[in-house]
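[1] sequence first, predicted coordinates after that:
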Amino acid sequence: MATTKKGMRIGILTAGGDCPGINAAIRGVGKTAILEHNMEVIGFSDGFTGLINKEYHQLREEDLSGILTHGGTILGTSREKIFKKDSSGQKADKPKLIKKHYEELGLSALVIIGGNGTQRTASLLAKEGLNVIGIPKTIDNDVWGTDVTFGFDSAVWIATESIDRLHSTANSHKRTMVIEVMGHHAGWLALYSGIAGGGDLILLPEIPFSENVITDYLESRAARKKPYSIVVVAEGISNPSKENAGRYIANLIKKRTGQETRETILGYIQRGGSPSPMDRILATRYGAYAVELISKEKFGFMVASIADKITHVSLDEVGGKLRLVPEDHSLIRKARKMDISFGDK
Ligand code: F6P
């Protein structure tokens, strides 16, 4: 057992929406810190709220046992935006308070597990002088600077299994089945689960669609004696109606084609439950790597996976950017050749 940084005390928090794999990452951070580096680990409750209110507890090795396979986060999370101006336009004192508590607790570093917004907050806290390491997580897979976030693989599994289950009703009733999956800005989940689940029409926020193309495509499938169609819709597609994206598309299809159409809104099911093996491994590797960086006193970085290698990128570079699906993504190009439509041509 190495004893590089005896006496170091590090903090950890989880912020933003939960996703499968967060506990695996907490365990990766905690076990590496405690067992390999003799560090003390402090877990803050409910994201940045715990740092603001000084709500925390020590994470001992035994607290990290049995959590690898559990969904959600043992620390709790929140969408507390510490740098947001209040209604009077004043910047709140929350960052100052966080810095004060960080210093009072004698922390050497803070590990921040979160998605895009959280990584931006992490980069701003680094600018305030805190030793910060970010770990990217989200089912949306849209964190800039890394090829993949944990949570995504699990969500693709859940969404794919759900699409698989729609095929039997679609075929038995000769219906068009619409399923809405998460993804406000990025369509990674719709793209991957749509392709894996045999979707015929896949609508992504990144690809503007035409209502005419959608109806022509579904009518041409019916004319070619295709017994049913599966439509996968990302929640963030442009949507002039006040309904959910899935319902909007289903109503459009019903009205314009007369096809018997049903919609399913997958919702939070796709964010819950046990992480996939790939997410457990990725989260474990991210967590362990975060502590390696701390042990080398390298701060101001986000852990990343680039070309299947665990590495790090500057939080400065990451903050505020989104990783969207490129319109010419190889999977999209391939799918188009197999008569899968993206509603645009
Ligand atoms: O975690 C990302 C995400 O799942 C988005 O796809 C979704 O729109 C959003 O979180 C909703 O989360 P909440 O309702 O918890 O704010």
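    Here it is on my side, so go on.
[2] pretty sure Pro205 contacts Ala245?
    No: taking contacts as Cβ atoms under 8 Å, Pro205 lies outside contact range of Ala245: 9.2 Å. Glycine gets a C-beta too; all of them are placed from N, C-alpha and C.
[3] okay, and the common contacts of those two?
    The overlap between the contact sets of Pro205 and Ala245 (Cβ atoms under 8 Å, 6 or more residues apart in numbering) consists of Ala234, Gly236, Ile237.
[4] which of those come close to the ligand?
    Checked against the ligand using Cβ under 6 Å from any ligand atom, the shared contacts of Pro205 and Ala245 give no members in range.
[5] where do the strands of this structure begin and end?
    9-14, 40-44, 56-58, 109-114, 132-136, 176-181, 201-203, 229-234, 261-265, 301-306, 309-314 (DSSP state E).
[6] quick one, the helix of greatest length in the chain and strand 176-181 angle?
    For the chain, the helix reaching the highest residue count under DSSP state H is reported as helix 152-173. For helix 152-173 against strand 176-181, the angle by axes from the mean of the first three to the mean of the last three Cα atoms, to 10 degrees is 160 degrees.
[7] same for helix 152-173, what does it pack against?
    Applying 3 or more Cβ pairs under 8 Å, 6 or more residues apart in numbering; DSSP states H and E, one finds that helix 152-173 contacts strand 176-181, helix 188-196, strand 229-234, strand 261-265, helix 277-295.
[8] report the distance from the fourth one to the chain centre.
    The gap between the average C-alpha position of strand 261-265 and the chain average comes to 24 Å, counting by Cα atoms, centre = their mean, to the nearest Å.
[9] leaving out sequence neighbours, find the closest residue to Ser45.
    Of all residues not flanking Ser45 in the chain, Glu55 sits nearest, at 4.3 Å (Cβ to Cβ, 6 or more residues apart in numbering).
[10] how near is the one you found to the ligand?
    Taking Cβ to the nearest ligand atom, to the nearest Å as the measure, Glu55 falls 21 Å from the ligand.
[11] quick check: that residue touching Gly43?
    No: judged on Cβ under 8 Å, Glu55 makes no contact with Gly43 at a distance of 9.8 Å.
[12] mind checking which of those two has more residues around it?
    Gly43 (24 against 13; other Cβ atoms under 10 Å).
[13] the residue nearest to Tyr102 when sequence neighbours are not counted: what's it in contact with?
    Excluding the flanking residues, the one nearest Tyr102 by Cβ to Cβ, 6+ apart is Leu130, at 5.6 Å. Counting by Cβ under 8 Å, 6+ apart, Leu130 makes contact with Ile98, Lys99, Tyr102, Leu110.
[14] quick check: the two most widely separated of these?
    Taking Cβ to Cβ, the two most distant members of those are Lys99 and Leu110; they sit 10.4 Å apart.
[15] more neighbours, the two?
    Just comparing Lys99 and Leu110: by other Cβ under 10 Å the higher neighbour count belongs to Leu110, 25 against 15.
[16] out of the shared contacts of Pro205 and Ala245, who's the most crowded?
    Ala234 leads the shared contacts of Pro205 and Ala245 on contacts (other Cβ under 10 Å) with 29 neighbours.
[17] return the per-residue confidence for it.
    Note on Ala234: pLDDT of 98.
[18] how about the residues of this structure by the ligand?
    When proximity is defined as Cβ under 6 Å from any ligand atom, the chain approaches the ligand at Gly17, Cys19, Thr138, Ile139, Asp140, Met182, Gly183, His184, Glu235, Arg271.
[19] roughly how far apart are Gly11 and Asp140?
    From Gly11 across to Asp140, the span is 26 Å (Cβ to Cβ, to the nearest Å).
[20] cool, Ala33 as well?
    Distance from Ala33 to Asp140, by Cβ to Cβ: 28 Å.
[21] for the residue of the chain positioned farthest from its centre, give its distance to Ile253.
    Distance from the centre of the chain peaks at Ala223, with 39.0 Å (Cα atoms, centre = their mean). Distance of Ala223 to Ile253, computed by Cβ to Cβ: 15 Å.
[22] who are the contact partners of the spatially most central residue of the chain?
    Residue closest to the mean C-alpha point of the chain, counted by Cα atoms, centre = their mean, is Thr138 at 1.3 Å. Going by Cβ under 8 Å, 6+ apart, Thr138 touches Gly16, Gly17, Cys19, Gly115, Asn116, Thr149, Gly151, Phe152.
[23] swap the cut-off to 10 Å and go again
    Contact analysis of Thr138 by Cβ atoms under 10 Å, 6 or more residues apart in numbering lists 16-19, 114-119, 149-152, 155, 182-183, 186, 188-189, 271.
[24] pull out the buried residues from these.
    Among the contacts of Thr138, those classed as buried by 16 or more other Cβ atoms under 10 Å are 16-19, 114-119, 149-152, 155, 182-183, 186, 188-189, 271.
[25] what domains does the record give for this protein?
    9-151+275-318, 153-271 (automatic domain parsing).
[26] quick one: those as TSV, columns for distance to Asp339 too.
    Formatted as TSV, the domains of the chain follow (distance: least, Cβ to Cβ, whole Å):
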stretch	distance to Asp339
domain 9-151+275-318	26
domain 153-271	8
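[27] thanks again, I'm all set now.
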